[in-house]
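**Q** model this:
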Amino acid sequence: MDALFTYDCESREIGPAAPIVVDYFKSGGWNPSHDPNAAFYEGFFADRDFILPAGRWEVEAWARFAVEECGLYAIDMRAAVVLTVE
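**A** Residues are numbered from 1 along each chain as shown. The predicted model follows:
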């Protein structure tokens with residue numbers, strides 16, 4: 001499965017008094033005709049709850065910011081954690 005991104009090119013000022021708040025949501029992409037896990041992925045993303053089945057998971061949050069024009073001087077932020085669910 002690969003990550004899925006939106007490319008929102010909109011000017012906003014951010015700072016301690018003006019944070020950008022986005023609800024957490026599951027996202028991802030795969031080729032349903034070639035991926036043997038397609039049925040699992042479809043069920044996982046259809047379920048809006050954030051309950052992970054047993055296994056090893058890498059959960060990531062990504063954000064991209066640009067200074068001045070959209071895409072110019074891009075700043076990427078990424079945080080990841082590995083979880084083991086028994």
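
**Q** what residue ranges in this protein score low on pLDDT?
**A** 4-8, 69-71 (pLDDT under 70).

**Q** tell me the residue furthest from the middle of it?
**A** In the chain, the greatest distance from the average C-alpha position (C-alpha atoms, centre = their mean) is reached by Ala17, at 24.7 Å.

**Q** in the chain, which spans are helices?
**A** 38-46 (DSSP state H).

**Q** Spit out the contact partners of Glu60.
**A** 3, 78-80 (C-beta atoms under 8 Å, 6 or more residues apart in numbering). All C-beta spots, glycine's among them, are computed from the backbone N, C-alpha and C.

**Q** Please narrow these to those residing in strands.
**A** 78-80 (DSSP state E).

**Q** can I get those residues in TSV with distance to Arg64 and neighbour count?
**A** Shown next, in TSV, are the ones in strands among the contacts of Glu60 (distance: C-beta to C-beta, whole Å; neighbours: other C-beta atoms under 10 Å):
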residue	distance to Arg64	neighbour count
Arg78	9	9
Ala79	13	9
Ala80	15	9
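
**Q** Specify which member of the residues you listed is nearest to Glu42.
**A** For the ones in strands among the contacts of Glu60, the closest approach to Glu42 (C-beta to C-beta) belongs to Ala80, at 24.0 Å.

**Q** My guess is the closest one contacts Val59. True?
**A** Yes. Checked against C-beta atoms under 8 Å, the pair Ala80 and Val59 is within contact range at 6.8 Å.
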